[in-house]
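**Student:** sequence-free structure coming up:
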């Protein structure tokens, strides 16, 4: 009888352990499922311009698709229209466009971070082009008219004693993609392109060489760094969703740092079909000068650049310098 009672007790204990194990497994599976499929009903809409900042957010786009809807565009004016209409929450745009949008929307947008520093390269199939002085009297193709690239090019030319309107015939194309295609086909003997487009052209057309680094030229005449691309967001969205803004800061920086580390990202960007070979990817990533600069440092760099743009053409920043309210410093 005693043995029978012991057997019953043992069976009950085994059954209880099995039940608890089953419950634990279900709880674990539920927790994992919640973590994996944390799909948001309303995703944060992010518009990104093809180029360095777009490259920096590639990893972000893939890893955070459950919460963010990231779309890429070739034309910055298309993004500007989306921002003005309130159709996107966060956008990556050229620095000067951010200032113009602040003016156009009556202060309805704020700058969150700088996403890329100097990225412009002069490419040429003409071996005589070796310095800024050699551009005098030449036809130079460029992209980014009425935007940051144009203002950077003009500033560097002027500081080197070259009148960009009289001494150089600058032919602007509507997008970086259009100019890159022309240069690859040998139809733009001298051109100015941002990375990663510059590396793509030099790889596909062996006659086109990177002959002048405009970031190095900028640094010769200006103590302040040049910011080419930045992130902005609707002020209303920032105020209503501080936790999303904080999350974006965290994961956008992680994505940027991941892509910047060539050894870990080279295969990733090749799979994304941005580059054809490992060498091309390495040069393109390094040349893209990716950054994620926030707070007071962001404000200092951007404000200094805006002053230079304004001195050249007040309309480049919307007719007046952005005030302190433009900068989201946390």
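**Tutor:** Arrived safely. In this text the structure is predicted, and so the values were computed from the model without any measurement.

**Student:** if you count residues, which strand in the chain comes out on top?
**Tutor:** Secondary structure of the chain read by DSSP state E shows that its longest strand is strand 109-116.

**Student:** and residue 236, what does it touch?
**Tutor:** residue 108 (Cβ atoms under 8 Å, 6 or more residues apart in numbering). In short, each C-beta sits where N, CA and C put it, glycine included.

**Student:** give me the number of residues near the closest residue to residue 294 other than its chain neighbours?
**Tutor:** Nearest non-adjacent residue to residue 294, counting by Cβ to Cβ, 6 or more residues apart in numbering: residue 113, 4.7 Å away. By other Cβ atoms under 10 Å, 26 other residues sit near residue 113.

**Student:** what's the closest non-adjacent residue to residue 328?
**Tutor:** residue 110 (4.2 Å).

**Student:** the one you found contacts residue 233, correct?
**Tutor:** Yes. Taking Cβ atoms under 8 Å as the definition, residue 110 is a contact partner of residue 233 at 6.2 Å.

**Student:** list the residues that contact both of the two?
**Tutor:** residue 328.

**Student:** name the element residue 238 belongs to?
**Tutor:** helix 235-240 (DSSP states H and E).

**Student:** same thing with residue 179?
**Tutor:** helix 176-184.

**Student:** and for the very next helix or strand once past that helix, what's in contact with it?
**Tutor:** Downstream of helix 176-184, the first helix or strand assigned by DSSP H and E is strand 190-194. For strand 190-194, contacts defined as Cβ under 8 Å, 6+ apart pick out 51-52, 119-126, 129, 135, 138-144, 149, 153, 176, 179-180, 182-183, 201, 208, 214, 228.

**Student:** out of these, which are buried?
**Tutor:** Buried members of the contacts of strand 190-194, scored by 16 or more other Cβ atoms under 10 Å, are 51-52, 119-125, 129, 135, 138, 140-144, 149, 153, 176, 179-180, 182-183, 201, 208, 214, 228.
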